[in-house]
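In: next one to model:
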Amino acid sequence: MEPLTLTVLGGAIKSPPLSFKARVRVGELLRRIQSGDNIGMPHSRPMPSIGERVHELRVRDPDANANWRVIYRVDADFLLVLDVFPKKTPKTPKQVIERCQSRMRLYDAGSRPS
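Out: From the prediction side, this is the model:
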């Protein structure tokens, strides 16, 4: 099986704001997902409130005393990163959900990468 192409539609996985360790951990988990691994809790959980095949990658960043979330969707050929944000409350902010849904609509409407 060919690895999925990683496409970032929103957010950034870079240091800063993520610490070096957190950025490396996010990269490791995304590579596993690209290779077809099905990652579950505690690292990833489904996000049906955002859409089908959408998940939340959960990464603790002890160096920055933060919890990072990477919202992603797995398509047949692409792994889409919809957003990256620090999680500060138990509930995903409404604006994050709406931003991810908007990015998926634009992508699905034909603004796919070449």
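In: what sits against residue 77?
Out: Residue 77 makes contact with 4-5, according to C-beta atoms under 8 Å, 6 or more residues apart in numbering. Heads up, the C-betas are built off the backbone N, CA and C, glycines and all.
In: who does residue 86 form a beta bridge with?
Out: residue 68 (DSSP bridges).
In: and it, how close does it get to residue 5?
Out: 26 Å (C-beta to C-beta, to the nearest Å).
In: please apply the same query to residue 72.
Out: Distance from residue 72 to residue 5, by C-beta to C-beta: 13 Å.
In: which one's more surrounded, the two?
Out: residue 72 (28 against 12; other C-beta atoms under 10 Å).
In: output the contacting helices and strands for the helix or strand hosting the more buried one.
Out: Using DSSP states H and E, residue 72 sits within strand 66-74. If you count contacts as 3 or more C-beta pairs under 8 Å, 6 or more residues apart in numbering; DSSP states H and E, strand 66-74 packs onto helix 20-34, strand 54-61, strand 78-87, helix 94-108.
In: buried ones in that strand?
Out: Buried residues in strand 66-74, counting neighbours by 16 or more other C-beta atoms under 10 Å, are found at 66, 68-74.
In: C-alpha coordinates for it, PDB please?
Out: Extracted C-alpha coordinates of strand 66-74, given in PDB (Å, rounded to 0.1, in the frame of the first residue of the first chain):
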ATOM      1  CA  ALA A  66       0.200  22.400  26.900                       C
ATOM      2  CA  ASN A  67      -2.000  19.800  25.200                       C
ATOM      3  CA  TRP A  68      -2.000  20.000  21.400                       C
ATOM      4  CA  ARG A  69      -4.700  18.800  19.100                       C
ATOM      5  CA  VAL A  70      -4.300  18.000  15.400                       C
ATOM      6  CA  ILE A  71      -7.700  17.600  13.700                       C
ATOM      7  CA  TYR A  72      -7.300  15.300  10.600                       C
ATOM      8  CA  ARG A  73      -9.300  13.400   8.100                       C
ATOM      9  CA  VAL A  74      -8.300  10.200   6.400                       C
END
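In: so, low pLDDT: which residues of the chain?
Out: Within the chain, the ranges that satisfy pLDDT under 70 run 1, 111-114.
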